[in-house]
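Asker: Got a predicted structure plus its sequence, pasted below:
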Amino acid sequence: MGRGISFQKGRFKLFILLTCSISGFSQVDSVSIDLVSNGDFSDNYSDFNSDYDYENDLKDGKFYADDRTTDIKSFLLDFYDHTENNSSGRMIVANASDDANEDIWEHNYNTVAGQEYTLTFWFRSADNENPSVLAWMVNGSQVELRW
């Protein structure tokens, strides 16, 4: 059965979604399998859907994949993707839309009832004066985030 998973904005402006992974642990062969094929964004905007436009001007409702925040906009906090902390990793940099119902990152995954799944991601705000807020939705219901 497919499950819809999306990442939506709360009340925020600029945010960073660094990497994303959803793994299912198979009890049959004791193997953890990552369901997200482009969770490190090495293929830029592929293997997921977005209501946002993929453009590096970073106006409201836009997002872009890059290795460093200031490559996109010089006024952002300056940092690289967390995976290598240098130019070899990629991350999503986005500016929130005014429409809270627009998904920034969305994908449907086939899951098995009763199977346990783990959602992991790296997240960092790119603006100290207007910190980001995020929400994960699974089948239209918000999932509690534990920090």
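Answerer: Sure thing, it's come through. Residues are numbered from 1 along each chain as shown.
Asker: what about N139, how many neighbours?
Answerer: 11 (other C-beta atoms under 10 Å). C-beta: built from backbone N, CA, C; applies to glycine.
Asker: how much space between it and N38?
Answerer: To N38, N139 is 22 Å away according to C-beta to C-beta, to the nearest Å.
Asker: Could you do E55 as well?
Answerer: Using C-beta to C-beta, we find E55 at a distance of 18 Å from N38.
Asker: One more: A100?
Answerer: Between A100 and N38 the distance is 25 Å, computed by C-beta to C-beta.
Asker: So these two - more neighbours on which side?
Answerer: Relative neighbour count places N38 above the other of A100 and N38, with 17 against 11, counting by other C-beta under 10 Å.
Asker: Now for the more buried one: which residues touch it?
Answerer: The contact partners of N38, taken as C-beta atoms under 8 Å, 6 or more residues apart in numbering, are S46, D47, F48.
Asker: Let's see the PyMOL selection covering just the buried ones among those residues.
Answerer: PyMOL command restricting the contacts of N38 to the buried ones, with burial defined by 16 or more other C-beta atoms under 10 Å:
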select buried, resi 48
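Asker: thought T83 was touching F41?
Answerer: No: in this structure, T83 is not within contact of F41 by C-beta atoms under 8 Å, at 10.0 Å.
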